[in-house]
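Student: Give me a model of this one.
(one chain, ligands or ions: 1)
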Amino acid sequence: MPPVEILPDLFWVGAVDWNARHFHGQSYTIHRGTSYNSYLIRDHQLTLVDTVHAPFTPELIENIRQVADPGTIENVVVNHIENDHSGALPAVMRLAPHARIYCTQKAKDGLLKMYRGDWDFHVVKTGDTLTLGRRTLTFVEAPMLHWPDSMFTYSAGDALLLPNDAFGQHLASTARFEDEVDEAVLMEEAAKYYANILLPFSELVRRKIAEVEAMNLPIRMIAPSHGVVWRTDPGKIVTAYKEWAGARDGGAVGIVYDTMYEATEEMARAVLNGVLKSGATVRFFGRMSQNDHSDLIKDLLSVKALIVGSPTVHRDYLPTMGPFLDEVRNLKPRNKIGAAFGSYGWSGEAVRNLETRLKEAGITLVEEGIKARYRATEEELARCFALGRKIGELVGK
Ligand code: FEO
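Tutor: A predicted model of the protein is given here:
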């Protein structure tokens, strides 16, 4: 993808990764690829903001060349050191060895560990500025959004926020702006991105947005490090982040289960019918084996209650439930209630282990899990129905 001038003398010079289908190892599936966004500011001091994943270094360098001589780069702003944004930094610094690097102290520490470069670091704090000529950049530290080193860069004359990972989406596209892509796809990918990357830091997200709003910086454009640039209504993604950060919890009940010989599925359907009876909104996904766990993580944003089910196999829940439950435990969604159910043959540890995972995630169990030997009796199915109805009523309150 060639450079795109997103503002006068400010260019997207990144790379589109059409083939990526996983992120953060295998933990996050990205069905629509991604992009690594790097921005070049052509001013009295040529300035690069972030780089790209190392395999895309040639594309970055070629894009910079189409705008200016890479050897004349005077400043490199490193908003975040994760490899997908810093991987091409050594190559850039070989071409522009005298460039100054502007970053947080934690970023400097990390870059020295990762690349061991003898570079001219300038550590910045919130409120520090860098005048390039016509433009002045202001830096805002954003620790743990989502790494300790993270920061945002703001260009006052443009009313442009460059927040690196925040407000991004894993979406490969020839489009560079949000009004050029399908809105539903965009918001789905933005939500999945938030859930799989930022959910554990929701309180920090909420506070950082409040902090930036209190600074009264007009923001007309948000250019993240993945996906498209928000130019027509950047407030839309900020509002969505406030909601996802827990200012308003979703009001649905999610039912996630897997089954071996349909006994647990029969229980799941009874739970579903109970939730439906309560009038609450329900998200029923069918068998876990037919789902993608990071898609379901996105749906956690809209659920207040999570009910999980599995039969027992080898003294545990089915392995297909593992990646989802591990992610729920690690992401620690806020203010959720839950319960567990499942069939078994003789030992029946699955329900207890499901409950353990929910508790580790900080989810409050509303009642003891329901176990059914081989196949649920009418009475046990009635208990499943009652469980769904009770949780539905709790969520509806
Ligand atoms: Fe897109 Fe935290 O890297």
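Student: What segments of the stretch 101-250 of the chain are helices?
Tutor: For the stretch 101-250 of the chain, the helices defined by DSSP state H, counting those that start in this stretch cover 105-115, 183-193, 202-214, 234-242.
Student: ok, and which of these has the densest surroundings?
Tutor: Mean neighbour count, computed with mean count of other CB atoms under 10 Å, is highest for helix 183-193 among the helices of the stretch 101-250 of the chain, reaching a mean of 19. C-beta: built from backbone N, CA, C; applies to glycine.
Student: show me where pLDDT drops low in the stretch 101-250 of the chain?
Tutor: Counting by pLDDT under 70, the stretch 101-250 of the chain contains low-confidence ranges at 247-250.
Student: can you rerun that using 80?
Tutor: Across the stretch 101-250 of the chain, the ranges flagged by pLDDT under 80 are 246-250.
Student: just to revisit the earlier point, tabulate the helices of the stretch 101-250 of the chain (CSV), appending distance to the ligand.
Tutor: As requested, the helices of the stretch 101-250 of the chain are exported to CSV (distance: least, CB to the nearest ligand atom, whole Å):
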stretch, distance to the ligand
helix 105-115, 12
helix 183-193, 9
helix 202-214, 14
helix 234-242, 16
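Student: And these: which comes nearest Gly388?
Tutor: Closest of these to Gly388 is helix 183-193, at 25.2 Å (criterion: CB to CB).
Student: Just send the helices of the stretch 101-250 of the chain back as JSON lines, with distance to Lys332 too.
Tutor: Rendered in JSON lines, the data for the helices of the stretch 101-250 of the chain read as follows (distance: least, CB to CB, whole Å):
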{"stretch": "helix 105-115", "distance to Lys332": "23"}
{"stretch": "helix 183-193", "distance to Lys332": "17"}
{"stretch": "helix 202-214", "distance to Lys332": "9"}
{"stretch": "helix 234-242", "distance to Lys332": "17"}
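Student: wait, which of these is closest to Ala372?
Tutor: Here helix 183-193 is closest among those (CB to CB), at 33.7 Å.
Student: Centre of the chain to the closest one, how far?
Tutor: Offset of helix 183-193 from its chain centre (CA atoms, centre = their mean, to the nearest Å): 10 Å.
Student: got the CA coordinates for that helix in PDB?
Tutor: C-alpha atoms of helix 183-193 as PDB (Å, rounded to 0.1, in the frame of the first residue of the first chain):
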ATOM      1  CA  GLU A 183     -19.500   0.400   9.800                       C
ATOM      2  CA  ALA A 184     -20.800  -2.800  11.300                       C
ATOM      3  CA  VAL A 185     -17.600  -4.700  10.500                       C
ATOM      4  CA  LEU A 186     -15.500  -1.800  11.800                       C
ATOM      5  CA  MET A 187     -17.300  -1.700  15.200                       C
ATOM      6  CA  GLU A 188     -17.200  -5.500  15.500                       C
ATOM      7  CA  GLU A 189     -13.500  -5.500  15.000                       C
ATOM      8  CA  ALA A 190     -13.000  -2.500  17.300                       C
ATOM      9  CA  ALA A 191     -15.000  -4.300  20.000                       C
ATOM     10  CA  LYS A 192     -13.100  -7.500  19.500                       C
ATOM     11  CA  TYR A 193      -9.900  -5.600  19.800                       C
END
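Student: Against which helices or strands is that helix packed?
Tutor: Other helices and strands packing on helix 183-193, by 3 or more CB pairs under 8 Å, 6 or more residues apart in numbering; DSSP states H and E, are helix 234-242, helix 293-299.
Student: Does anything pack onto the longest one? Which helices or strands?
Tutor: In this case it means helix 234-242. Here helix 234-242 touches helix 183-193, helix 202-214, strand 221-224, going by 3+ CB pairs under 8 Å, 6+ apart.
Student: Out of these, which is closest to Val52?
Tutor: Within these, the stretch nearest Val52 is strand 221-224; the backing value is 13.6 Å (CB to CB).
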